[in-house]
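Student: This is the structure alone, sequence omitted:
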């Protein structure tokens with residue numbers, strides 16, 4: 001299914017028809033430019049490559065910049081391919097904006113989660129710390145982590161302190177509760193990965 005590259009603006013709230021409060025994330029979705037159309041005959045698969053954002057030409061390497069100049073397109077800062085079953089509706093240089101989505105549709109949003117740095121087990125895995133009274137003195141330590149004589153090592157996959165966040169995360173089945181095609185804003189129910197102004201990919205979902 002087709003999608004867009006966007007920028008997370010932040011969160012706000014809307015009120016539904018019955019007066020309920022709906023938390024929404026505002027995403028600036030596009031406008032994106034179609035920079036390449038992949039075909040089965042030439043590339044072995046069908047896809048549409050789109051570009052979002054821009055930058056000074058000095059920020060691009062020469063091979064990438066040459067690709068844009070060859071197609072007479074402005075250089076795009078971010079590129080993303082979306083595989084399709086049929087790409088006949090798209091042409092190089094075409095603009096794709098927030099009107100791609102409609103209220104009531106469901107989308108999948110991919111982004112990079114906020115980096116939390118080195119975190120302990122309480123923050124990283126939700127462990128429960130020791131009581132502050134009645135004797136326990138281990139605080140937020142993880143406790144025993146392995147066996148003694150056998151196997152005399154820490155089992156792989158053990159939940160321990162370590163680097164938290166800064167990972168790709170996709171959240172599916174998020175509802176589109178509003179679209180502002182003029183300003184290219186898409187309002188998505190709930191939270192999505194990443195900090196404000198973070199890059200996200202929004203993809204339509206079937207069903």
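Tutor: Here it is on my side, so go on. In this text, all values refer to a predicted model and were calculated from it rather than measured experimentally. Numbers count the residues shown, from 1 in each chain.
Student: Let me know how buried residue 101 is, in neighbour terms.
Tutor: 24 (other C-beta atoms under 10 Å). Yep, even glycine has a C-beta here, placed from its N, CA and C like the rest.
Student: Repeat that for residue 31.
Tutor: 15.
Student: Excluding chain neighbours, what is closest to it?
Tutor: Closest residue to residue 31 apart from its sequence neighbours, by C-beta to C-beta, 6 or more residues apart in numbering: residue 97 at 4.3 Å.
Student: And the protein, what are its domain boundaries?
Tutor: 3-116+169-204, 117-164 (automatic domain parsing).
Student: Adding mean pLDDT as columns, could you present those in a markdown table?
Tutor: Shown next, in a markdown table, are the domains of the chain (pLDDT from 0 to 100):
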| stretch | mean pLDDT |
| --- | --- |
| domain 3-116+169-204 | 90 |
| domain 117-164 | 88 |
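Student: residues contacting the residue nearest the centre of the chain?
Tutor: Nearest residue to the geometric centre of the chain (C-alpha atoms, centre = their mean): residue 111, 1.8 Å. Shown in contact with residue 111 (C-beta atoms under 8 Å, 6 or more residues apart in numbering): 8, 168-169, 192-194, 198-201.
Student: What ranges does the chain have for its strands?
Tutor: 3-15, 21-29, 32-38, 47-52, 78-83, 95-96, 106-112, 117-119, 162-164, 168-180, 185-189, 199-204 (DSSP state E).
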